[in-house]
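Student: Predicted model and sequence follow; I will ask about them next.
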Amino acid sequence: MLIVGVVLFGLGVGNAISVPPVIANLEFSKDAAIRVVAYIVAISQGAYAIAPAIFGFLRQSVGDKAIFGASIAVECLAAFAYMSGGKAFARKMHSVNESM
């Protein structure tokens, strides 16, 4: 079980590091992709830093079930943001680059 946990954690870290730049390069122009990757890294690091405090607060104030519900809500919001964003935002970023 420990080996399975280590492998799954390693796959998750690999995806967190390598997938966002690949997606940014596919969805945005070369100049915009550089900025987008920087935004992705900044938002991710902020979320990684604050998430333990938020989950700890939820656990102390509401209980363990709140952590599970909050995790599901965050995952659903992330999936919705991914599915609804993409090309429209890329067009907006492309028009901003052309005006500069």
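Tutor: Looks like it arrived, so ask away. Remember, predicted model here, so these are calculated numbers, not experimental data.

Student: Spell out which residues sit in contact with residue 54, please.
Tutor: The neighbourhood of residue 54, defined by CB atoms under 8 Å, 6 or more residues apart in numbering, consists of residue 70. From N, CA and C alone the C-beta is placed, and that goes for glycine too.

Student: how about low-confidence regions in this structure?
Tutor: Judged against pLDDT under 70, the low-scoring parts of the chain cover residues 86-100.

Student: how about a cut-off of 80?
Tutor: 1, 5-6, 8-17, 66, 82, 85-100 (pLDDT under 80).

Student: tell me the centre residue of it?
Tutor: What sits nearest the mean C-alpha location of the chain, by CA atoms, centre = their mean, is residue 44, with 5.8 Å.

Student: Give me the distance between that one and residue 15.
Tutor: 12 Å (CB to CB, to the nearest Å).

Student: Residue 16 is in contact with the residue nearest to the centre of the chain, correct?
Tutor: Yes. If you go by CB atoms under 8 Å, residue 44 and residue 16 touch, sitting 7.1 Å apart.
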